[in-house]
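*Asks:* Sequence below, structure please.
(2 chains)
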Amino acid sequence: MVRLITHNLLACHVRGCTSNNFPLVFKDVQLQLKEAEYNPDFLRGFMPKLEWKALVDTAKSLNNQSLPDQAPEPQAANEEFLKILHHVLLEIHVEEGAMLCPNCSHVYPISNGIPNMLLQEHEL
Amino acid sequence: MIPTPNLSHLTRKDYEHVYEPAEDTFLLLDALEADKDFLRRRNPRICLEIGSGSGCVSAFLGAVVGQNNSLYCCTDINPHASLATQATGQQNNANDHRRYRCLGLVDILIFNPPYVPTEVEEFTLGQQQVDISGAWAGGNDGMNVTEHLLRQVKALLSPSGCFYLVAVSQNKPVEIMQRMEQEYGLLSKTVLSRRAGREHLHVLRFQVQE
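*Replies:* Residues are numbered from 1 along each chain as shown, chains lettered A, B, ... in the order given. Have a look, this model is predicted:
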């Protein structure tokens, strides 16, 4: 499943494409909202692993403007913020569509919620 | 005891294209269960399985670590396997999938590779056709795919990260462990070993720090 938490970890890996290859840009997406169990400890523990600006910009590209431009420190994060983060990271599912590399324009299709990150032999 | 994941949604027909859990899979599950305190103590947030096949191992890891305590990322070059992994995740109430911006982020990395020594031709065919033989045919020493990953393990793991690898004796596990320590400073131990038919299987664990 492609959620923003996974998207935040994916970069283009075409040979030679090493800069400006993240975050991938969503195109023609079909979204589904699915409830997930809220776990504040997980969210606080995951925050240091996130690229915050990429997350905020990607959420905005999906018409979700609920995240602040600056992330609070994980331990200082309040419940109101964590609930918003929970929803953005874990409950928005991209079921169909594609992800486009901002640098080399390679297209990674998403089908049935599974991103196809495989490359052709000549792209490796 | 942690139950084996429910795979009742997968049929004979699925197993024509997806590796069916076998002795090597079950040894890996047993190793993860034996390490459950070690794994829970590390509070993993990102678990990455390469070549997840049926999805059995990550679903089991989810039961060990807690479904909502970590993100479970699974990758497979075989599209049948990716679908099977997804279905197994749903069946077992698990969360989740593939160059991840993962450098230095992965807390638990798992790889049950195609480890069977085969002719190079059989290996190449298995990887190109991305079907079931790719799940076992490993080329010379059964190490062709594993070697690729070994070069990246240290860079992928977080400071508290660890890596589980399934190997058979022909892969020369002791040599792998020595090499990973010499070249990358990774500490290692054999979690479990078991003889299954002609194969002598091992689950190795590598970690950045004690």
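*Asks:* Grab the most central residue of chain B for me.
*Replies:* residue B:111 (2.4 Å; Cα atoms, centre = their mean).
*Asks:* Nearest spatial neighbour of that residue, chain-adjacent residues omitted?
*Replies:* Using Cβ to Cβ, 6 or more residues apart in numbering or on different chains and skipping the chain neighbours, the partner closest in space to residue B:111 is residue B:50 (4.8 Å). (C-beta placed from N, C-alpha, C; glycine too.)
*Asks:* confidence score at that neighbour?
*Replies:* Residue B:50 carries a pLDDT value of 91.
*Asks:* residue contacts, it?
*Replies:* Going by Cβ atoms under 8 Å, 6 or more residues apart in numbering or on different chains, residue B:50 touches B:75, B:109, B:110, B:111, B:113, B:149.
*Asks:* Helices - which of those land there?
*Replies:* residue B:149 (DSSP state H).
*Asks:* Give the buried subset of the contacts of residue B:50 as a ChimeraX selection command.
*Replies:* Buried residues within the contacts of residue B:50, by 16 or more other Cβ atoms under 10 Å in any protein chain shown, are selected in ChimeraX with:
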select /B:75,109,110,111,113,149
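*Asks:* The residue nearest to the centre of chain B touches residue B:156, doesn't it?
*Replies:* No - using Cβ atoms under 8 Å, residue B:111 is not in contact with residue B:156, being 10.7 Å away.
*Asks:* Could you look up the SS state of residue B:33?
*Replies:* With DSSP: H, G, I helix; E, B strand; the rest coil as the basis, residue B:33 sits in helix.
*Asks:* Tell me how many other residues crowd the closest residue to it other than its chain neighbours.
*Replies:* Excluding its sequence neighbours, the residue lying closest to residue B:33 (Cβ to Cβ, 6+ apart) is residue B:2, at 5.4 Å. Residue B:2 has 13 neighbours, counted by other Cβ atoms under 10 Å in any protein chain shown.
*Asks:* next one: residue A:109
*Replies:* So residue A:109, with other Cβ under 10 Å, has 14 neighbours.
*Asks:* Is it correct that residue A:27 falls within a helix?
*Replies:* No - if the criterion is three-state DSSP, then residue A:27 is strand and not within a helix.
*Asks:* count of neighbours near it?
*Replies:* Per other Cβ under 10 Å, the neighbour tally for residue A:27 reads 14.
*Asks:* hey, C-alpha coordinates of stretch A:6-25 in PDB?
*Replies:* Taking Å, rounded to 0.1, in the frame of the first residue of the first chain, the C-alpha atoms of stretch A:6-25 are listed here in PDB:
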ATOM      1  CA  THR A   6       6.000   5.000   2.600                       C
ATOM      2  CA  HIS A   7       6.100   7.700  -0.100                       C
ATOM      3  CA  ASN A   8       8.400   9.700   2.300                       C
ATOM      4  CA  LEU A   9      10.900   6.800   2.100                       C
ATOM      5  CA  LEU A  10      11.000   6.300  -1.700                       C
ATOM      6  CA  ALA A  11      13.500   8.000  -4.000                       C
ATOM      7  CA  CYS A  12      14.200   7.500  -7.700                       C
ATOM      8  CA  HIS A  13      16.900   4.900  -8.300                       C
ATOM      9  CA  VAL A  14      17.500   5.100 -12.000                       C
ATOM     10  CA  ARG A  15      21.200   4.900 -12.700                       C
ATOM     11  CA  GLY A  16      22.800   8.300 -12.500                       C
ATOM     12  CA  CYS A  17      19.700   9.900 -11.100                       C
ATOM     13  CA  THR A  18      21.200  11.000  -7.700                       C
ATOM     14  CA  SER A  19      20.100  14.600  -7.100                       C
ATOM     15  CA  ASN A  20      16.600  16.200  -6.900                       C
ATOM     16  CA  ASN A  21      15.300  12.600  -7.100                       C
ATOM     17  CA  PHE A  22      13.100  12.900  -4.000                       C
ATOM     18  CA  PRO A  23      10.200  13.300  -3.300                       C
ATOM     19  CA  LEU A  24       8.500  11.600  -6.200                       C
ATOM     20  CA  VAL A  25       5.500  13.500  -7.500                       C
END
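*Asks:* Would you mind listing the buried residues in it?
*Replies:* A:6-14, A:17, A:21-24.
*Asks:* quick check, nearest of these to chain B?
*Replies:* residue A:13 (3.1 Å; Cβ to the nearest Cβ).
*Asks:* so that closest one sits in a strand?
*Replies:* No - counting by three-state DSSP, residue A:13 falls outside a strand, being coil.
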